[in-house]
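A.B. asks: Return atomic coordinates for the entry below.
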Amino acid sequence: MKKNSLIILGLVFVFSVAFLSPQTQSGIAHIDTEYILEKIPAYQDAQAELEQLAKQYQNELIAKKNEIDSLWSIYQKEEYNWVKETKKKKENEIVELEKTTRELQNKYFGREGELSQKREELIKPIQDNVYTYVVEIAEEGNYDYIFDKVTGEILYAREKNDESDAILKKLGH
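C.D. replies: Numbers count the residues shown, from 1 in each chain. Got it, this is the predicted structure:
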């Protein structure tokens, strides 16, 4: 009888641990965003489009740089034959072309440039979709944190674990 009671008690304990622990435990998980994105055809298409656009912009800038180099070469060969006003005019043309080339480079490749905007347009919806499922997986799996193992970035943090207010309280704020 005692043996049966111990077995029953043991089984109750095992089932309690098996069924209650996953619901009360918290945890950490990781994902590999590079791996995930590489498996999404829309992401691959977007990357190819961005690479093609970058190459197009780069070729345009190379052509401008070659034009500037050519103008400087002509200038250096001919400057002794020109009057002062012509020299100054040619210098200003070259300097202005250099300036517009830098502006064009910034327009294409700057922080707010066309390539960055296109990346935002093409890639962000895919990343947002991935993030939606990260949150879903975190809630289904009762994870406190999910991070990207490639970048180390925390992709999900359960709000109940935020101790910011406790720190502020201890600091007297």
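
A.B. asks: can you give me phi and psi for Ala63?
C.D. replies: phi -60, psi -40 (degrees, to the nearest 10).

A.B. asks: next one: Leu155
C.D. replies: The phi/psi pair for Leu155 (degrees, to the nearest 10) is phi -90, psi -30.

A.B. asks: That one touches Phe147, doesn't it?
C.D. replies: Yes: using C-beta atoms under 8 Å, Leu155 is in contact with Phe147, at 6.0 Å. C-beta here means a position set from N, CA and C on the backbone, and glycine is covered the same way.

A.B. asks: list residues touching both of those two?
C.D. replies: Common contacts of Leu155 and Phe147 (C-beta atoms under 8 Å, 6 or more residues apart in numbering): Ile31.

A.B. asks: mind listing the helices in the protein by residue range?
C.D. replies: 2-24, 33-38, 41-78, 84-109, 114-140, 164-171 (DSSP state H).

A.B. asks: so which of those helices comes closest to Thr151?
C.D. replies: When the helices of the chain are compared by C-beta to C-beta, helix 33-38 sits nearest Thr151, at 7.2 Å.

A.B. asks: Please put the alpha-carbon coordinates of the closest one into PDB.
C.D. replies: This file holds the C-alpha atoms of helix 33-38, laid out as PDB (Å, rounded to 0.1, in the frame of the first residue of the first chain):
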ATOM      1  CA  THR A  33      18.000  36.300 -38.900                       C
ATOM      2  CA  GLU A  34      20.500  35.800 -41.700                       C
ATOM      3  CA  TYR A  35      19.500  32.200 -42.100                       C
ATOM      4  CA  ILE A  36      15.800  33.100 -42.000                       C
ATOM      5  CA  LEU A  37      16.100  35.900 -44.500                       C
ATOM      6  CA  GLU A  38      18.200  33.800 -46.900                       C
END
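
A.B. asks: For it, buried residues please.
C.D. replies: Residues of helix 33-38 classed as buried: 33, 36-37 (neighbour count, 16 or more other C-beta atoms under 10 Å).
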